[in-house]
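Novice: following is a predicted model, sequence given first.
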Amino acid sequence: MRKLKLDELNRVSVDEFKAQEKLPVAVVLDNVRSMHNVGSVFRTGDGFAVEQVCLCGITGQPPHREIEKTALGATQSVNWTYYADTVQAVEQLRSEGYQIIAVEQAENSVMLNNFKPEAGHKYALIFGNEVNGVSEEVMARIDTCLEIPQFGTKHSFNIVVSAGIVLWDFFAKLNF
């Protein structure tokens, strides 16, 4: 087996990316403190062609050296908006027809493997702060809470791992 060279990957240009059909998902970062996590979410969002990333509260914004270190240019391809408050982002997205979904461990959460996104719907996936998770203020405004099943001794995944798992799940369920 031979690894493909970069010029064999047939990657689209930034302009082509912006014009292509998107996964009907907005990723919302609720006070994410690590710039590396922010950049990695951009890169993951690019990989799954999400509609947008919403950066909220203390979440860092491009251009920033630490974000670019992991984003590898994805801040240029993925549309993003900054909101001083996550609730403001949630209300804006709701007004645009997005179903508001927290990715969190909570009472009455739905296990990710049991959730079936529907074609024709738009979803706003909220990922919380590395220590405190999605804020209580935001949790009071969600439509659904998804939980990633876990079987080890740790109580959570890193935010970027969570974003990768959930975005792949949505992509697979909506496209296969």
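Specialist: Noted; the coordinates are in hand.
Novice: switch to C-alpha atoms for all contacts and neighbour counts from now on
Specialist: Fine.
Novice: average pLDDT for stretch 9-19?
Specialist: On average, the pLDDT along stretch 9-19 is 95.
Novice: could you list the buried residues of that stretch?
Specialist: Across stretch 9-19, burial judged by 16 or more other Cα atoms under 10 Å covers residue 18.
Novice: chain center to it: distance?
Specialist: Averaging C-alpha positions (Cα atoms, centre = their mean, to the nearest Å) puts stretch 9-19 20 Å from its chain's average.
Novice: ramachandran coordinates for residue 145?
Specialist: phi -120, psi 130 (degrees, to the nearest 10).
Novice: burial count for it?
Specialist: Look at residue 145: counted by other Cα atoms under 10 Å, it has 22 neighbours.
Novice: residues contacting it?
Specialist: By Cα atoms under 8 Å, 6 or more residues apart in numbering, the contact list for residue 145 reads 101, 102, 103, 104, 105, 106, 108, 109, 110.
Novice: so how far is residue 16 from the first one?
Specialist: Just to be clear, that refers to residue 101. 29 Å (Cα to Cα, to the nearest Å).
Novice: where does residue 161 sit: helix, strand or coil?
Specialist: Classification of residue 161 by DSSP: H, G, I helix; E, B strand; the rest coil places it in helix.
Novice: now swap in residue 75 and tell me
Specialist: helix.
Novice: could you give the number of residues near it?
Specialist: Around residue 75 there are 23 residues (other Cα under 10 Å).
Novice: nice, that's everything, thank you.
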